[in-house]
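> Kindly return the folded structure for what I paste below:
(chains A, B, C and D)
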Number of protein chains: 2
Amino acid sequence: MNVGRRVDYAVRALSYLAAQPIDRVIGSREITQRQDIPSHYLSKIMKDLVARGLVKSHVGCRGGFSLAKSADFISLKEVYEAVEKPLLLMECLDKKELTCPYDGVCTQISVWEKAQRLLTNYLAGISLGSIADEGGLKRREIDAAQI
Amino acid sequence: MNVGRRVDYAVRALSYLAAQPIDRVIGSREITQRQDIPSHYLSKIMKDLVARGLVKSHVGCRGGFSLAKSADFISLKEVYEAVEKPLLLMECLDKKELTCPYDGVCTQISVWEKAQRLLTNYLAGISLGSIADEGGLKRREIDAAQI
DNA sequence: GACATTATGGATTTTCTAGGTCTATATTAC
DNA sequence: GTAATATAGACCTAGAAAATCCATAATGTC
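Model (predicted):
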């Protein structure tokens, strides 16, 4: 049970975008270099973020990415779900498939159901803006440059 | 991000034990049949539960398992950690390895840290006893018998 | 004491998926 | 026209989860 690297990468890429001057277009090359993310892998992640409407893409020469909306209105839950399949602690929590013979009498399921709600609600309450405070990012960049 | 089947199996096996007359010894064969768990796989899980002190084992003919303590004093967190490696939402949350170059300026980590605390605290508050209420189990067995 | 039954322990296999790479195509600034 | 970029998809790889198998030790039963 862990959040994969895709989410980590997505958050870092988005944070980087959030720290830029508004509407500046950032190439994926710059992101991968500054944030130390495998380049081809990032492209797939960005595609997901674009599809979810969190990021605007600018195709063609001098193209790149920029946030589609204010970082304060992007929740971690959105980021997670854009990049990973929907958060599901147990398969049987997926309402679409009622294949479990114990459904209805299983008391375990309600526990995981609540745990899942707990988590998603928490993530829904965290905004990208609160993570990517400019100060932190500036310092982060300086540190990275020194390595 | 999901809890694996090992945890599911462990909870079901423990619930089954909890619903039995106190101190009755249950063979793993009975558990696997009633709870529909791959037999050889269960044996490894039971071993972990024994090692963690949640279950007593009785070796030899007519041997089997019984709860080592009251179901009300077994938390889901214990079960999880007995069977799975310790709950860790992100690798960098493992305090032992401080390899992340962004450590100290990363604002993302504190978010996951809190999410993890949220989860483990919740699991620590759920007892096996609250899951394995006898009524539910009785009904469950009847259902299973009808299949 | 012999035997059947059981847990224990380890080795091994199978299956799945996250993580990562590569290549081809369409789009656009210059 | 050309170089730089995002998009799209196929493809590969390592490692983990899930499951199986086998050999050994312990113990009740006869």
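> Other residues contacting stretch A:41-49?
Around stretch A:41-49, the neighbours that count as contacts under CB atoms under 8 Å, 6 or more residues apart in numbering or on different chains are A:6, A:9-10, A:13-14, A:28, A:31-32, A:55, A:57, A:65, A:79, A:82-83. Every residue, glycine included, has its C-beta placed from N, CA and C.
> Please repeat the previous calculation with a cut-off of 10 Å.
Under the criterion CB atoms under 10 Å, 6 or more residues apart in numbering or on different chains, residues A:5-7, A:9-10, A:12-14, A:17, A:28-29, A:31-32, A:35, A:37-38, A:54-57, A:64-65, A:67-68, A:74, A:78-79, A:81-84 lie in contact with stretch A:41-49.
> Narrow the residues you listed to just the buried residues.
Buried positions within those, assessed by neighbour count (16 or more other CB atoms under 10 Å in any protein chain shown), are A:6-7, A:9-10, A:12-14, A:17, A:28, A:31-32, A:35, A:37, A:54-57, A:64-65, A:67-68, A:74, A:78-79, A:81-84.
> ok, and which of these reach chain B?
Restricting these to those near chain B by CB under 10 Å from any CB of the partner chain leaves A:7, A:12, A:35, A:84.
> pretty sure the second one contacts A:Ile37?
Yes - with contacts defined as CB atoms under 10 Å, A:Arg12 counts as touching A:Ile37 at a distance of 6.9 Å.
> Now do the shared contacts for these two.
A:Ile31.
> any idea how far A:Ser75 is from whichever residue of chain A sits closest to DNA strand C?
Closest approach of chain A to DNA strand C (CB to the nearest atom of the strand) occurs at A:Gly60, with a separation of 2.0 Å. Distance, A:Gly60 to A:Ser75, using CB to CB, to the nearest Å: 31 Å.
> Looking at these two, which one has more neighbours?
A:Ser75 (19 against 6; other CB atoms under 10 Å in any protein chain shown).
> Bridged to the more buried one, which residues?
A:Ser127 (DSSP bridges).
> The contacts of stretch A:41-49 in helices, which ones?
A:5-7, A:9-10, A:12-14, A:17, A:28-29, A:31-32, A:35, A:78-79, A:81-83 (DSSP state H).
> if we look at DNA strand D, which of those are close to it?
Among these, the ones lying near DNA strand D by CB under 7 Å from any atom of the strand are A:28-29.
> Find the centremost residue of chain A, please.
What sits nearest the mean C-alpha location of chain A, by CA atoms, centre = their mean, is A:Val79, with 3.0 Å.
> Settle this for me: it is touching A:Leu14, isn't it.
Yes - the pair A:Val79 and A:Leu14 qualifies as a contact (CB under 10 Å) at a distance of 6.5 Å.
> hey, what's in contact with both of the two?
In contact with both A:Val79 and A:Leu14: A:49, A:54, A:128, A:131, using CB under 10 Å, 6+ apart.
> Could you identify the buried members of these?
A:49, A:54, A:128, A:131.
> Save these as TSV, and put in pLDDT and distance to DNA strand D too.
Conversion of those to TSV gives the following (pLDDT from 0 to 100; distance: CB to the nearest atom of the strand, whole Å):
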residue	pLDDT	distance to DNA strand D
A:Leu49	98	9
A:Leu54	97	12
A:Leu128	95	19
A:Ile131	90	22
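> For chain A, which residues are neighbours of DNA strand C?
A:4-6, A:38-41, A:43-44, A:59-63, A:85.
> Any idea which of those residues the model trusts least?
Note: of those, the lowest pLDDT belongs to A:Lys85, at 89.
> hang on, that one packs against A:Glu91?
No - contact criterion CB under 10 Å: A:Lys85 and A:Glu91 do not qualify, at 11.3 Å.
> so what's in contact with those two at the same time?
Joint contacts of A:Lys85 and A:Glu91 (CB under 10 Å, 6+ apart) are B:Asn2.
> higher neighbour count, these two?
The neighbour count for A:Lys85 versus A:Glu91, taken as other CB under 10 Å, is higher for A:Glu91 (13 against 9).
> Could you check how far the more buried one is from A:Ala68?
For A:Glu91 relative to A:Ala68 (CB to CB), the value is 32 Å.
> in chain A, what secondary structure element scores lowest on mean pLDDT?
Using mean pLDDT, DSSP states H and E, the weakest-scoring helix or strand in chain A turns out to be helix A:134-146, at a mean of 50.
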